[in-house]
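>>> Mind looking at a prediction? Sequence and model below.
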Amino acid sequence: MRVLSHLLTPKSALHRRFPSHALSAIEDAIEESERGHRAEIRVAIEVALDFRMMLGLRSARDRALEVFTELEVWDTRERNGVLVYVLLAERDVEIVADCGFDGRVSNGEWQRVCTLIERDFTAERWRDGLLHGVEAVTWLLMREFPADGRNRNEQQDRPAVL
């Protein structure tokens with residue numbers, strides 16, 4: 001069933017669910033969010049995995065970990081980058097946070113954000129789902145890495161489309 005969902009999800013699904021204006025709204029939300037904390041948010045959206053990639057990966061979480069590395073989300077001064085990874089074919093959301101969050105934000109808190117986003121996705125509210133997710137992540141980041149006036153942008157704010 002998993003393989004079939006990936007094979008049957010066309011690349012055009014990205015533009016139907018996340019047209020340019022939706023990506024711009026998400027980018028603006030990330031930019032606004034990062035004024036209130038020192039951490040970095042990166043969003044990556046992938047339509048589907050190709051067959052070869054699916055054979056090598058056990059889960060969307062595995063792919064999210066790869067993307068975290070590929071996009072160098074770990075490359076922040078305070079090791080406080082957060083990746084929100086979306087795999088459209090599975091309607092799955094994964095959050096990968098750098099080691100600066102160890103002992104600060106629980107897995108349950110990250111999972112609640114994923115569930116919030118996935119709930120909107122189930123209702124076909126794609127843009128809103130990611131906007132709600134960015135807002136929820138923002139509260140966690142403001143709690144743990146509040147702005148101190150020295151904030152610089154270390155990651156791209158525009159969602160990466162894979």
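Yes, it's here.

>>> Could you give me the buried positions within the biggest helix by length in the chain?
The single longest helix within the chain, with elements called by DSSP state H, is helix 126-144. By neighbour count with 16 or more other C-beta atoms under 10 Å, helix 126-144 contains the buried residues 126-127, 129-134, 136-138, 140-141, 144. For glycine as for every other residue, the C-beta is placed from the backbone atoms N, C-alpha and C.

>>> before we move on, what about stretch 19-29?
Buried residues in stretch 19-29, counted by 16+ other C-beta under 10 Å: Ala22, Leu23, Ala25, Ile26, Glu27, Ala29.

>>> So which elements touch the one helix or strand in the chain whose mean pLDDT sits lowest?
Between all helices and strands in the chain, the lowest mean by mean pLDDT, DSSP states H and E belongs to helix 51-56, at a mean of 74. If contacts are counted by 3 or more C-beta pairs under 8 Å, 6 or more residues apart in numbering; DSSP states H and E, helix 51-56 sits against helix 2-7.

>>> Mind doing that once more with 10 Å?
helix 2-7, helix 60-70 (3 or more C-beta pairs under 10 Å, 6 or more residues apart in numbering; DSSP states H and E).

>>> What lies in contact with the last one?
Translated: helix 60-70. Residues from elsewhere that reach helix 60-70 (C-beta atoms under 10 Å, 6 or more residues apart in numbering): 2, 42, 44, 46, 49, 53-54, 56-57, 59, 73-75, 81-87, 89-98, 160, 162.
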